[in-house]
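[1] need a 3D model of the following:
(2 chains)
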Amino acid sequence: MPENENIVHEYPENPKTKRKTRAGKLFTENDKDIVVFGGEKKIQNEKVQQEIAKTQSSEASFYISRELWRSSLEVISSMMPISLMDSNSGLIVTDWGTLNQNQNRRYKLNVLVKGKDVSEDSLVVSVFEQKLHLEKWENTNTDGSLKKDITSKILRRAKELQRVQ
Amino acid sequence: MKKINKYITTALFLGASVASAFAQADSNHSYRMKGVSKKPVVTIGGFSDFKGAKAKQESHFENNFLPNISKTSADPYGDGGVANKNNGDIAFGNDTEVHVKVNGISDLGLKYGAVIELEANSTNDSWNSDVNADKAYIFTESWAGKLEFGNNIGAAQKMKVGAETIARAAGGINGEYLNYINLPMIAHADYYTQNDATSLAETGFKVPRFILIPQHPTGHGGYAKGYDNYMFECDYNGNNAIDTGDETTCYNARHGKNFKLDFEEIEDATKVSYYSPRVWGLQFGASYTPDTANHGTSGETKGIDNMSIKEVYDWGLGYTNAFGNVGLSVTVTGQEGESQHYRYTGGVATKTREDLSSMEYGINLTYFGLTLAGSYGDWGNSLQEKRNVNNIYSFNYNTSGEMDPAALTDSYKSFDDATYNTLGLSYEFGPYAFSGTYFKSEFQDNEFSAFSLGVDYQISKGLMSYAEITSFEFDSNQPRGTELTTAQENEGVIKDNEGYVGLVGILLNF
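    Below you'll find the predicted structure:
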């Protein structure tokens, strides 16, 4: 289902919880609860972590949306290794990598953050797909669904970051 | 109206269920996206909220007992006076919960999880009777909306806005201060024989009741509250009728619970709720509770009840939008349900209650850090006892509307709708926040009002200190005891209460 900015997936909170929420959370960033089991793989790449930390620093200046840049780094780095990232140009490029158990298909992602607003207009996601044929990787067309999912996840996370700040 | 409620809610639930099923069955993707799906994560959180309170009340409420006619100069409070719940000394309170949550996203993008809010108090909470968990429910979220299954508040309570939703510090007119004051009560125990179930059932006074917090009936423990919340109606033997032997057994079982406010007793009854996404600012929610006596794993619908209501439908409609720097939120919420209390004498129903039907209208306006809010609630004659077709039984009035303590007959009087309204203002400035909230209610001509000023300060992330002062005033539907003797008039009338409560506290949220 395509993301539509006129449809917001936010749901009412228990009024008594709101009072506690205003106090923030003691231990964690972004006022989240403490993870005791499960969870996504932490972002291991030190350079990516440093780049994310820059977005939270008031001394670093950005010509693009901080929230969009940070959410793009978080989403893309959780999927596959990043080979290039440059906040001045807003470009993120990954290596080829597989996304699931299917070892016969691989993907390469390019993300361009080009605006200050957290909106679809400020984000360009490109997905390149190859399939293994007779032990050779051949380019193939994508159906567009992966691009849509990545875009919506980046935008959703960026809006979350906007709300926290 | 009831049938329309049922059709609307049924249609919504079916629609939401179908939408969720489509989300599950959506196999239009040629991949399984590693970054989108998320394995379940278990998190822990919670809070501990400590406060100290000091109340200043009418002098007759600041002692162990209310005064009675046997008082002397040596013993000004005498014997036989009704006991006061809170005598105004400094009191401490501590409320602690531990929250365990599960969150996951399936490969096809369906969010799912559970919320379990465990009580961690060392004694029973006066708002919530004898439970080890406050909330416990499963939820799913898809593009079609959110579904909740289990023990949580319903859509009407969750979606409504008003002054109580912007109150800071301890919560202002949400009622934390009520734990430290006494509700109006008749002084002389002879008119209120607390330990005699037979006289309670037939000849004891019915104490005045009030709407004390701005909530629909299920968020108010099912009914207006008074000094004595024993309803005299308890289907103890489980035959769906209140028989002669039930009341004595029920009274003995519930004795000691009279002093509890029990606002949260039925609000978390097991239910199913649906919330739509916000579309162009509009959002809809609905809940269905088969029986407010259902809690947790128990399907028990008979036995000891405080106020069992069946077929409860909650609904809410909200609109939220921003116009420049001004934010607007408007809600209309409602509840419908069937009362289940009947009392039989000789096989004939002699006491029944009106069904549940309440509405609330609320509005919030924000401008930068300033928020103005208000609401109006109308319970109608929800759950009030009826004697005949158009009459509502309440206090021990005679047919002229006057108290008749000598006769203590089961008389009747009609009242206007039970209503309440709120008004509030709050302001946030950096780590500080201030609020002023006002509440006024009327139930069977018993009026209650409260005005609360609060301030809280965020010391650091997760740590907040607060201070609050609330003035309150009860104005009971004071009977005119024209037939009373002087002594009876001194001791037999309802002692109203007014004063203020100061609270200071600290909240730790982790």
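[2] any idea how far chain B is from A:P15?
    Distance of A:P15 to chain B, given as Cβ to the nearest Cβ, to the nearest Å: 5 Å. Just so you know, the C-beta spots here come from the backbone N, C-alpha and C atoms, and that holds for glycine as well.
[3] cool, A:I154 as well?
    10 Å.
[4] got the CA coordinates for the helix or strand that contains that residue in CSV?
    According to DSSP states H and E, A:I154 maps onto helix A:145-164. In CSV, the C-alpha atoms belonging to helix A:145-164 read as follows (Å, rounded to 0.1, in the frame of the first residue of the first chain):
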residue,chain,number,x,y,z
SER,A,145,8.0,-2.9,-4.8
LEU,A,146,11.4,-3.0,-3.0
LYS,A,147,12.0,0.6,-3.9
LYS,A,148,8.6,1.6,-2.5
ASP,A,149,9.2,-0.3,0.7
ILE,A,150,12.7,1.2,1.3
THR,A,151,11.4,4.7,0.6
SER,A,152,8.4,4.3,2.9
LYS,A,153,10.6,2.9,5.7
ILE,A,154,13.1,5.7,5.4
LEU,A,155,10.3,8.3,5.4
ARG,A,156,8.6,6.7,8.4
ARG,A,157,11.8,6.6,10.4
ALA,A,158,12.6,10.2,9.5
LYS,A,159,9.2,11.4,10.7
GLU,A,160,9.7,9.5,13.9
LEU,A,161,13.0,11.3,14.4
GLN,A,162,11.3,14.6,13.6
ARG,A,163,8.7,14.0,16.3
VAL,A,164,11.3,13.2,18.9
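[5] and B:L108, its phi and psi?
    Taking degrees, to the nearest 10, you get phi -100, psi 20 for the backbone angles of B:L108.
[6] count of neighbours near A:L134?
    Other residues near A:L134 number 5, with proximity taken as other Cβ atoms under 10 Å in any protein chain shown.
[7] list the residues that contact the nearest residue to B:N151 once chain neighbours are set aside.
    Spatial nearest neighbour of B:N151, excluding adjacent residues (Cβ to Cβ, 6 or more residues apart in numbering or on different chains): B:D268 at 4.4 Å. Counting by Cβ atoms under 8 Å, 6 or more residues apart in numbering or on different chains, B:D268 touches B:D134, B:K135, B:N151, B:N152, B:I153, B:H295.
[8] helix, strand, or coil at B:D268?
    At B:D268, secondary structure determined by DSSP: H, G, I helix; E, B strand; the rest coil is coil.
[9] what pLDDT does it get?
    The confidence metric pLDDT takes the value 90 at B:D268.
[10] kindly report the same for A:S122.
    In the prediction, the pLDDT value recorded for A:S122 is 92.
[11] what separation do you get for it and A:K114?
    Distance, A:S122 to A:K114, by Cβ to Cβ, to the nearest Å: 6 Å.
[12] for B:I506, give me its contacts.
    Going by Cβ under 8 Å, 6+ apart, B:I506 touches B:D49, B:F50, B:K51, B:L463, B:M464, B:S465, B:Y466.
[13] change it to 6 Å
    Under the criterion of Cβ atoms under 6 Å, 6 or more residues apart in numbering or on different chains, the contact list for B:I506 reads B:F50, B:S465.
[14] and it, bridged to which residues?
    B:F50, B:S465 (DSSP bridges).
[15] in chain B, which spans are helices?
    Taking DSSP state H as the test, the helices found in chain B are B:2-25, B:155-159, B:197-202, B:244-254, B:486-492.
[16] hey, least reliable of those helices by pLDDT?
    helix B:197-202 (a mean of 42).
[17] go ahead and confirm B:T292 touches B:E267.
    No - taking contact to mean Cβ atoms under 6 Å, the distance of 8.6 Å between B:T292 and B:E267 leaves them out of contact.
[18] if we can go back for a sec, A:S122 and A:K114: which has the busier surroundings?
    When A:S122 is set against A:K114 and neighbours are counted by other Cβ under 10 Å, the residue ahead is A:S122, at 19 against 15.
[19] once you drop chain neighbours, what's closest to that one?
    Leaving aside its chain neighbours, A:S122 sits nearest to A:G115 (3.0 Å; criterion: Cβ to Cβ, 6+ apart).
[20] number of residues surrounding the one you found?
    Using other Cβ under 10 Å as the criterion, the residues surrounding A:G115 number 17.
[21] report the separation between it and B:Y288.
    Plainly put, A:G115 is 45 Å away from B:Y288 if you go by Cβ to Cβ.
[22] residues contacting B:D378?
    In this structure, B:D378 makes contact with B:M359, B:D417, B:T419, judged by Cβ under 6 Å, 6+ apart.
[23] the helix or strand where A:L68 lies versus helix A:145-164: what angle between them?
    Here A:L68 sits within helix A:66-77, counting by DSSP H and E. Here helix A:66-77 runs at an angle of 140 degrees relative to helix A:145-164 (axes from the mean of the first three to the mean of the last three Cα atoms, to 10 degrees).
[24] before we move on, the earlier item: closest to chain A among the contacts of B:D378?
    In terms of Cβ to the nearest Cβ, no member of the contacts of B:D378 lies closer to chain A than B:M359, at 17.8 Å.
[25] show me the beta-bridge partners of that closest one.
    Taking DSSP bridges as the rule, B:M359 bridges to B:G334, B:D378.
[26] then B:Y313?
    With beta bridges defined as DSSP bridges, B:Y313 has these partners: B:Y288, B:E336.
[27] now the one 4 residues further on
    When bridges are called by DSSP bridges, B:L317 pairs up with B:F284, B:V332.
[28] over to A:F37?
    Using DSSP bridges, the bridge partners assigned to A:F37 are B:V42.
[29] for it, give its distance to B:G150.
    Taking Cβ to Cβ as the measure, A:F37 and B:G150 are separated by 21 Å.
[30] which of those two has more neighbours?
    Per other Cβ under 10 Å, whichever of A:F37 and B:G150 has more neighbours is B:G150, with 18 against 11.
[31] sorry, back to before: quick one, phi/psi of the residue nearest to B:N151?
    In this entry, B:D268 is assigned phi and psi values of phi -100, psi 20 (degrees, to the nearest 10).
[32] before we move on, what about B:E267?
    Listed backbone geometry of B:E267 is phi -70, psi -30, with angles given as degrees, to the nearest 10.
[33] please report how far it lies from B:G462.
    For B:E267, the distance to B:G462 (Cβ to Cβ) stands at 27 Å.
[34] interface residues of the stretch 401-510 of chain B facing chain A?
    Counting by Cβ under 6 Å from any Cβ of the partner chain, the stretch 401-510 of chain B comes close to chain A at B:K461, B:G462, B:M464, B:L507, B:N509, B:F510.
[35] so which of these comes closest to chain A?
    Minimum distance to chain A across those is 3.1 Å, recorded for B:G462 (Cβ to the nearest Cβ).
[36] could you count how many residues lie near that closest one?
    When counting by other Cβ under 10 Å, one arrives at 20 neighbours for B:G462.
[37] that'll do, ta.
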